[in-house]
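A.B. asks: show me how the following folds:
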Amino acid sequence: EEAVKKEVQYSYKYSKTEVEDWSTVANSTSIKNPESQKFTEVGYYQITAKWGAGTVSNNYTATDATYTLTITQADDQKITLTSAETNAGEWDEENNSYTTTYGSENTFTVTGQAALDDAEISYAVKDDSEKGHDGKTADVVSVDSTGEVTIKQAGEATITVTAADTDNVKGTSVEYTVTVNQAKPTVSLTDNKLEVPYTGKPITGYDIAEPTANVVEEAAPPTGAITYTFYRNEGCTEKFDDGAGGTVPIAVGTYYMKATYPGDKNYTSAESEAVTVTVTEAQLTVDAKGYTDTYDGKPHDPASITVT
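C.D. replies: Okay, the predicted model is just below:
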């Protein structure tokens with residue numbers, strides 16, 4: 001029986017598409033080592049087993065045995081996402097999410113790797129996924145062919161990572177979310193005390209605060225007008241009001257002021273520390289213009305005195 005088995009010869013025909021009549025497929029490949037033969041490419045195979053020349057003995061002949069093997073594309077492709085070590089933000093592997101702060105980095109990179117067939121990977125921002133911090137549609141990020149994401153403004157977006165079809169494996173996609181939080185600026189004044197002389201009009205020269213932020217060079221600076229609020233007490237619980245709708249001090253006295261930045265699409269609102277504002281008494285200047293001449297017995301203009 002063993003001798004008979006050794007006489008069996010195997011061969012196969014292959015087609016990428018389904019075949020109704022295998023006689024139309026001309027090429028046949030001999031299988032030299034049946035025990036180690038492996039079929040890996042997706043497609044259709046007709047495998048033929050033939051005993052010798054077809055004659056077993058003087059009394060028997062052997063009929064060829066054929067069967068068809070079908071290998072279909074695998075549909076269990078998986079993509080592993082990896083956040084670059086140089087990223088400034090935080091990667092949540094369990095939830096496939098990346099969180100960063102506007103201005104902390106201009107770009108970050110999250111790459112995908114296919115588990116099977118080294119499939120080609122592509123990246124795209126998912127349609128209609130980009131929202132600003134106010135929930136409105138915005139242009140938050142862009143992504144290139146290497147997985148590098150450029151931050152354009154604070155908000156949220158979704159990146160789709162796709163493994164392309166290969167001959168043997170169907171393609172698939174995974175998504176990860178991006179959250180770009182608003183940066184917190186600092187509002188500061190040059191001095192923590194301000195002295196302004198009384199003029200009889202609302203004081204001026206106090207509006208010198210600027211919002212600043214420690215952000216990368218590519219980030220946009222804070223925008224928006226700063227407002228100033230005066231208070232009567234150091235704890236800044238009693239807003240100044242002159243009783244006639246005026247909110248800027250005129251009279252001599254001590255007041256306290258805070259500067260407030262309203263925030264914009266990339267920055268949160270911020271408030272300065274309170275500064276002391278003192279309206280000092282005005283310094284009067286007396287200018288007297290006298291008259292000098294030789295007495296002539298006639299009337300003359302009196303000396304003039306000007307107080308400023």
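
A.B. asks: okay, now the unreliable bits of the stretch 51-200 of the chain?
C.D. replies: Low-confidence segments of the stretch 51-200 of the chain, defined by pLDDT under 70: 52-60.

A.B. asks: the strands in it, which residues?
C.D. replies: For the stretch 51-200 of the chain, the strands defined by DSSP state E, counting those that start in this stretch occupy 65-71, 79-83, 90-92, 97-101, 107-114, 121-125, 141-143, 148-151, 155-163, 172-181, 186-188, 193-197.

A.B. asks: so residue 123 sits right up against residue 158, yeah?
C.D. replies: No: between residue 123 and residue 158 there is no contact under C-beta atoms under 8 Å: 11.4 Å. For every residue, glycine as well, the C-beta is placed using N, CA and C.

A.B. asks: what is in contact with those two at once?
C.D. replies: The contact sets of residue 123 and residue 158 do not overlap (C-beta atoms under 8 Å, 6 or more residues apart in numbering).

A.B. asks: returning to that earlier point: which of the strands of the stretch 51-200 of the chain is buried the deepest?
C.D. replies: Each of these was scored by mean neighbour count; the highest is strand 155-163, a mean of 22, by mean count of other C-beta atoms under 10 Å.

A.B. asks: list the helices and strands that strand packs on?
C.D. replies: Contacts defined by 3 or more C-beta pairs under 8 Å, 6 or more residues apart in numbering; DSSP states H and E place strand 155-163 against strand 79-83, strand 107-114, strand 121-125, strand 141-143, strand 172-181.

A.B. asks: can you give the strand pairings for the second one, parallel or anti for each?
C.D. replies: Strand pairing for strand 107-114, determined by DSSP bridges: strand 79-83 (antiparallel), strand 148-151 (antiparallel).

A.B. asks: same thing with the fourth one?
C.D. replies: When pairs are called by DSSP bridges, strand 141-143 turns out to pair with strand 148-151 (antiparallel).

A.B. asks: the helix or strand hosting residue 46 vs strand 65-71, what angle?
C.D. replies: Using DSSP states H and E, residue 46 sits in strand 43-51. With axes from the mean of the first three to the mean of the last three C-alpha atoms, to 10 degrees applied, the angle from strand 43-51 to strand 65-71 works out at 160 degrees.

A.B. asks: if we can go back for a sec, could you dump the strands paired with strand 107-114 into a markdown table and include distance to residue 15?
C.D. replies: Below are the strands paired with strand 107-114 laid out as a markdown table (distance: least, C-beta to C-beta, whole Å):
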| stretch | distance to residue 15 |
| --- | --- |
| strand 79-83 | 31 |
| strand 148-151 | 42 |
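
A.B. asks: this protein: helices as residue ranges?
C.D. replies: Secondary structure of the chain, counting by DSSP state H: helices at 2-6.

A.B. asks: so, low pLDDT: which residues of the stretch 201-308 of the chain?
C.D. replies: 284, 286-288, 290-291, 293, 300-308.

A.B. asks: what's in contact with the strand holding residue 46?
C.D. replies: Applying C-beta under 8 Å, 6+ apart, the external contacts of strand 43-51 come out as 4, 7-19, 22, 25, 28, 31, 39, 62, 64-71.

A.B. asks: now with 10 Å?
C.D. replies: Strand 43-51 is contacted from outside by 4-5, 7-19, 22-23, 25, 28-29, 31, 34, 37, 39, 60-73, 167-168, using C-beta atoms under 10 Å, 6 or more residues apart in numbering.

A.B. asks: relative to it, what are the paired strands and their orientations?
C.D. replies: Applying DSSP bridges to the sheet, strand 43-51 is found paired with strand 8-15 (antiparallel), strand 65-71 (antiparallel).

A.B. asks: roughly how far is the last one from the heart of the chain?
C.D. replies: Okay, so that is strand 65-71. 52 Å (C-alpha atoms, centre = their mean, to the nearest Å).
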